[in-house]
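> generate coordinates for the sequence data below:
(chains A and B, ligands or ions: 2)
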Amino acid sequence: MSVLLSARGVAMHFGGVAAVDGVDFSVAEGELRGLIGPNGAGKSTFFKCLTGQLRPTAGSILFRDRNITGMQRFAIARMGIGIKTQVPSLFDGLTVRESVMIALRRFLAEREARRRAQAILERFGLDGLAETEVGRLAHGQRQWVELAMVIAPEPALILLDEPTAGMSAEETRRTAALIRELNARHTLIVVEHDMAFIRAIAHTVTVLHQGRVLVEDEVAKVLADPRVQNVYLGRQVQPA
Amino acid sequence: MSRKLFLEIAIALFLALAAALVLPRVLALFALINATVFIAMAVLALSLGLIWGVGGILSFGQTAFFGLGGYAYAVAAINFNDSLYAVPIALLVPTLAAAALGYFMFYGRISDVYVGAITLTVSLILFNFANSTAGEEWRIGEAPLGGFNGIPSTPQLNVPGNPDATLSPQAIFIVAVFALALCYILAKLLLAGRFGRVVVAIRENETRAELLGYDARRYKLGIFSLGGAIAGLAGILFANSVFVSPTMFSLFYSGQLIIWVMVGGRGTLLGPILGAFLVQAVTTWAGTEPRLNPNAILGILLMLAVMGMPRGLLPTLRLAWGRRRGVQLA
Ligand SMILES: Nc1ncnc2c1ncn2[C@@H]1O[C@H](COP(=O)(O)OP(=O)(O)O)[C@@H](O)[C@H]1O
Ligand SMILES: [Mg+2]
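Ligands and ions are numbered 1, 2, ... in the order given. Coordinates of the predicted model:
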């Protein structure tokens, strides 16, 4: 399998705070990678570096063998990296359909975009809410709308930052199913707190701690690793 | 084109036609010229409605482009002696000025607060500059800039190619009516299309729009430049109903302009136009009542609007209308 994305020595320092502190990380084409770590470990900051929302203070990022370090976020998006941010990022004043249309109109003409938007809305069970303003939706539904927008342009690499936060058990189950389904055609990196969820979807897991990679291995091994339990799990979750 | 859009355009054209046919016959000359000024201001309000209401860019100095359009028109008309050349020049100058300023602000990724401050500063600089051009040495070709007096000899529009056939105030009123209708229709069409949808999305959430691959800077520059062009057109109409002077750049107008848009309703195109007519009508009326202070009336109107209808007149009316018909507003 070829490497799709690789980060070398990526660091992001805010004044004295080293949010990300020299991360070496790579994902292969077609992989579904879990990215875990305690609050403040630097996961979201690392995602922001990958997507051009922050310019890393050191290191380099290659995507499809092209150096994308410090590129504008819209240019990185066009190359095929989509992100669902931790704090939902939506067009509150637009309807659900308009939101998905915006995601598609960048590269599709009106008619084709309409057709695809309808298909995506149905796939996400959002067709009943299509003409509703996004700002009026419940939290779980908002998560789905954001997922629909991110996935609509079919990015090669999809980053999901805590996609099930605030979702019901049923919605979480559907999200896990969706992520596995997406993995058939996309490479994904998923940040999650819910260990059962990570265990259900991911094969390989990378653990970040204080801005560095602590462990990277198969999910069962990682969860059993005493170092991981120490820094992160607090021995609450027993490995299967 | 959707049926609703088609209907709105048809209504706009019908109203313009009706106004053009009826008002020049029934209004006295003074009232007609006043009405032309109202229309020029409505065009100016539409320009701010586009960039602020639709694009989310609060320009405190939209009058910069209004004044530049007016001055460019007056200077070019005096020099070329034919408005056929003056009009395109007067559209081009404010458009280019807006594009240059917009490039600096948006490509420099300047924050919204500074955009407000910079636009305000630019309009004040132009105001001061225009006021300081009193001497004989301040002339462009044949046209004296006239300092605080402005250019009272601002020529009227003429029949294209025939400089001697200047338009009557009635004809200029009709031109203004159709200019307003045309701007409204163009803006409507633009909003319904891809460019307009993306501009609205960027207003709603610039980060999300960029994470979906849109270069927000380009779209903001586009809508800001268009706003400059429309404000320039308003300046041409104003120059034809009054004459150009430094007050066109003044805080007095840029402040009122923001009030018109707030009262009428941000995010709509009709709102700013209605707001401009309504507030001007009220302040003009208050000016004729010796016991009333127009500025106090303006302030009270603004406070009532902000507290009673924070979304503006038109969105509030739409909401009420929807409720009466039992429509669930999405
Ligand atoms: N813009 C910022 N300025 C200063 N510190 C920041 C900023 N963003 C994140 N941090 C700090 O960086 C660290 C990592 O944050 P984050 O990446 O959000 O962690 P995680 O997503 O793993 O919970 C935290 O200590 C956080 O306070
Ligand atoms: Mg985070």
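
> OK, contacts around the residue lying closest to B:Gly150 once chain neighbours are set aside?
Of all residues not flanking B:Gly150 in the chain, B:Ser245 sits nearest, at 2.6 Å (CB to CB, 6 or more residues apart in numbering or on different chains). The C-beta positions use only the backbone N, C-alpha and C, and glycine is treated the same way. Applying CB atoms under 8 Å, 6 or more residues apart in numbering or on different chains to B:Ser245 gives the contacts B:130, B:146, B:148-151.

> filter those residues by proximity to ligand 1?
Among the contacts of B:Ser245, no residue sits close to ligand 1 (CB under 6 Å from any ligand atom).

> now the two most distant members of those.
Farthest-apart pair in these is B:Phe148 and B:Ile151; separation 11.4 Å (CB to CB).

> ok, residue 142 - how many residues close by?
Since you didn't name a chain, this refers to chain A. 19 (other CB atoms under 10 Å in any protein chain shown).

> should've been chain B
10.

> quick one: pLDDT of it?
On the pLDDT scale, B:Glu142 is placed at 84.

> next, find the distance separating it from A:Leu32.
According to CB to CB, to the nearest Å, B:Glu142 and A:Leu32 sit 74 Å apart.

> so which of B:Phe148 and B:Ile151 has more stuff around it?
The neighbour comparison of B:Phe148 against B:Ile151 (other CB under 10 Å) goes to B:Ile151, with 23 against 12.

> my guess is A:Val27 contacts A:Val3, does it?
Yes - shown here, A:Val27 and A:Val3 form a contact pair, counting by CB atoms under 8 Å, at 7.4 Å.

> more neighbours, the two?
The residue with more neighbours, out of A:Val27 and A:Val3, is A:Val27; 21 against 14, by other CB under 10 Å.

> so is the helix or strand harbouring that one next to ligand 1?
Applying DSSP states H and E as the criterion places A:Val27 in strand A:17-28. Yes - interface with ligand 1: strand A:17-28 contributes A:17, A:19 (CB under 6 Å from any ligand atom).

> is the host helix or strand of B:Ala18 anywhere near chain A?
Assigned by DSSP H and E, B:Ala18 falls within helix B:3-26. No - using CB under 8 Å from any CB of the partner chain, helix B:3-26 never reaches chain A; the gap is at least 13.6 Å.

> near ligand 1 at all, the helix or strand harbouring B:Glu210?
Taking DSSP H and E as the criterion, B:Glu210 maps to helix B:206-211. No - on the criterion CB under 6 Å from any ligand atom, helix B:206-211 is out of touch with ligand 1, staying 13.5 Å away.

> show me which residues of chain A are close to chain B?
Selection of chain A residues close to chain B by CB under 8 Å from any CB yields A:51, A:53, A:72-75, A:77-78, A:82-83, A:85, A:89-95, A:98-99, A:101-103, A:105-107, A:110, A:131-133, A:136, A:149, A:153.

> show me just the buried residues among the residues you listed.
A:51, A:53, A:73-74, A:77-78, A:82-83, A:85, A:89-91, A:93-95, A:98-99, A:101-103, A:105-106, A:132-133, A:149, A:153 (16 or more other CB atoms under 10 Å in any protein chain shown).

> mind checking which of these land in strands?
Using DSSP state E, the subset of these located in strands is A:82-83.

> what are the ranges of the helices in chain B?
Counting by DSSP state H, chain B has helices at residues B:3-26, B:29-48, B:63-80, B:83-107, B:112-131, B:169-192, B:194-204, B:206-211, B:216-241, B:251-264, B:270-288, B:294-308, B:313-324.

> pick the most buried one from these.
Ranked by mean neighbour count, those are led by helix B:63-80 with a mean of 28 (mean count of other CB atoms under 10 Å in any protein chain shown).

> would you mind writing the CA trace of that one as CSV?
This file holds the C-alpha atoms of helix B:63-80, laid out as CSV (Å, rounded to 0.1, in the frame of the first residue of the first chain):
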residue,chain,number,x,y,z
THR,B,63,-19.7,56.7,0.4
ALA,B,64,-16.1,56.7,-0.8
PHE,B,65,-17.3,54.9,-4.0
PHE,B,66,-20.4,57.0,-4.1
GLY,B,67,-18.4,60.2,-4.1
LEU,B,68,-15.7,58.9,-6.5
GLY,B,69,-18.5,57.9,-9.0
GLY,B,70,-20.0,61.4,-8.7
TYR,B,71,-16.7,63.3,-9.1
ALA,B,72,-15.4,61.0,-11.9
TYR,B,73,-18.7,61.6,-13.7
ALA,B,74,-18.6,65.4,-13.3
VAL,B,75,-14.9,65.7,-14.2
ALA,B,76,-15.2,63.4,-17.3
ALA,B,77,-18.5,65.0,-18.4
ILE,B,78,-16.9,68.5,-18.3
ASN,B,79,-13.8,67.3,-20.1
PHE,B,80,-15.4,65.2,-22.8
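
> just the helices in chain A please.
Counting by DSSP H, the helices of chain A are A:43-50, A:73-79, A:96-105, A:110-123, A:139-151, A:169-182, A:195-201, A:219-224, A:226-228.

> tabulate the ones you listed (TSV), appending distance to ligand 2.
Formatted as TSV, the helices of chain A follow (distance: least, CB to the ion, whole Å):
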stretch	distance to ligand 2
helix A:43-50	3
helix A:73-79	18
helix A:96-105	23
helix A:110-123	26
helix A:139-151	15
helix A:169-182	17
helix A:195-201	15
helix A:219-224	19
helix A:226-228	18
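
> quick one: closest of those to B:Trp138.
For B:Trp138, the closest of the helices of chain A is helix A:73-79, at 45.2 Å, according to CB to CB.

> tell me which residue is most central in chain A.
By CA atoms, centre = their mean, chain A has its centre lying nearest to A:Leu160, at 1.6 Å.

> what score does that one have for pLDDT?
According to the prediction, A:Leu160 has pLDDT 97.

> isn't it up against A:Gly82?
No - with contact defined as CB under 8 Å, A:Leu160 does not reach A:Gly82; the gap is 9.2 Å.

> common neighbours of the two, please.
With CB under 8 Å, 6+ apart, A:Leu160 and A:Gly82 have common neighbours A:Val150.

> of all the helices of chain B, which one is nearest ligand 2?
helix B:206-211 (15.6 Å; CB to the ion).

> distance between the closest one and the chain's centre?
29 Å (CA atoms, centre = their mean, to the nearest Å).

> check what contacts that helix and list those residues.
For helix B:206-211, the surrounding residues in contact (CB under 8 Å, 6+ apart) are A:51, A:53, A:72-74, A:77, A:82-83, A:85, A:89-91, A:102, A:149, B:198, B:201-202, B:216.

> let's go with 6 Å and repeat that
A:73-74, A:77, A:83, A:89, B:201-202, B:216 (CB atoms under 6 Å, 6 or more residues apart in numbering or on different chains).

> can I get the helices of chain A in TSV with mean pLDDT and distance to A:Ile61?
Converted to TSV, the helices of chain A look like this (pLDDT from 0 to 100; distance: least, CB to CB, whole Å):
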stretch	mean pLDDT	distance to A:Ile61
helix A:43-50	97	6
helix A:73-79	97	9
helix A:96-105	97	23
helix A:110-123	96	29
helix A:139-151	93	19
helix A:169-182	91	22
helix A:195-201	87	24
helix A:219-224	89	24
helix A:226-228	87	25
